[in-house]
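give me the fold of what follows.
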Amino acid sequence: MRYGMVIDLKRCFGCYGCQLSCKAEHATPPGVFFARVVKRESGTYPNVRKVFLPLLCMHCETPPCEAVCPTGATSKRPDGIVDIDREVCVGCRYCMQACPYEARYFHAKTRYYFGAQGPTEYEAVGYAKHPTGVVMKCNFCAHRLARGEEPSCVLTCPTHARTFGDLDDPQSAVSRLIKERGGEPLHPELGTGPSVYYLPA
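Numbering: from 1, shown residues only. Here you go, the predicted model:
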């Protein structure tokens with residue numbers, strides 16, 4: 001079993017639903033986006049098009065973030081999820097430097113969206129689970145997977161651009177999409193073996 005995700009760039013129209021649902025699911029602080037969407041333009045006038053590129057932790061087969069972690073806080077689970085033990089993380093941020101996908105954030109101090117007004121009721125509850133002085137990132141919604149549910153970004157996508165499943169199972173939907181539609185990871189030349197694949201736009 002190796003969890004992975006396939007994102008169909010032809011279906012993604014940049015609604016940011018994945019980004020918002022991720023923030024709601026994880027109650028991430030201001031400026032922290034475990035899932036984010038980047039807009040890019042390609043081509044030359046008059047044949048220009050806009051492409052939306054959803055980004056998240058790639059849960060690499062050989063994660064460079066794990067290799068540089070001095071305390072073992074970052075580790076790869078048997079199911080392929082790369083996660084952080086917040087109790088062990090010392091906030092050195094070596095992992096942030098090592099990650100070529102810029103998928104990690106350092107939670108320096110607790111901040112609120114409305115500053116001096118203090119936390120909203122949602123922030124007061126949600127932020128309590130994020131200790132400061134540690135690094136945080138996407139973990140494929142491991143708590144939802146444990147309940148038999150899909151990651152929130154997959155569930156929320158209105159165009160079903162995201163598919164989640166077992167990359168080791170050749171009959172799974174993710175494996176079939178990669179094979180039949182020519183799915184490719186971002187920056188395969190880095191040799192990290194990402195578990196997130198993209199179908200061409």
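
and the strands in the protein?
Secondary structure of the chain by DSSP state E: the strands cover 3-8, 36-44, 47-55, 74-76, 82-84, 104-107, 134-137, 162-166, 196-199.

got those strands as TSV, with mean neighbour count, distance to G148 and mean pLDDT columns?
To be clear about C-beta, it is placed using only N, CA and C from the backbone, and glycine gets the same treatment. Output for those, formatted as TSV (neighbours: other C-beta atoms under 10 Å; distance: least, C-beta to C-beta, whole Å; pLDDT from 0 to 100):
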stretch	mean neighbour count	distance to G148	mean pLDDT
strand 3-8	23	13	98
strand 36-44	11	27	92
strand 47-55	14	24	94
strand 74-76	19	22	98
strand 82-84	21	19	98
strand 104-107	19	27	97
strand 134-137	22	23	98
strand 162-166	21	12	98
strand 196-199	22	21	98
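
let me have the ones you listed in CSV, extended by distance to T28.
Shown next, in CSV, are the strands of the chain (distance: least, C-beta to C-beta, whole Å):
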stretch, distance to T28
strand 3-8, 19
strand 36-44, 11
strand 47-55, 14
strand 74-76, 18
strand 82-84, 14
strand 104-107, 8
strand 134-137, 7
strand 162-166, 19
strand 196-199, 19
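
tell me how far C157 lies from E149.
Here the criterion is C-beta to C-beta, to the nearest Å. By it, C157 lies 14 Å from E149.

among these two, which residue is more densely surrounded?
C157 (21 against 12; other C-beta atoms under 10 Å).

which phi and psi does the more buried one have?
Comment: the main-chain dihedrals of C157 come out as phi -60, psi 120, following degrees, to the nearest 10.

can you check E61 too?
Summarising the backbone geometry of E61 under the convention degrees, to the nearest 10, its torsions are phi -60, psi -40.

farthest residue from the center of the protein?
P46 (33.8 Å; C-alpha atoms, centre = their mean).

who are the neighbours in contact with the residue nearest the centre of the chain?
In the chain, the residue lying closest to the centroid (C-alpha atoms, centre = their mean) is L56, at 2.5 Å. Taking C-beta atoms under 8 Å, 6 or more residues apart in numbering as the definition of contact, the neighbours of L56 are 5, 22, 34-36, 103, 138, 153, 196.

nearest residue to R176 in space, please, no chain neighbours.
Distances taken as C-beta to C-beta, 6 or more residues apart in numbering put P170 closest to R176, at 7.9 Å, once the chain neighbours are dropped.

likewise for G72?
V88 (6.2 Å).

wait, isn't the one you found in contact with T71?
Yes - taking C-beta atoms under 8 Å as the definition, V88 is a contact partner of T71 at 5.1 Å.

that'll do, ta.
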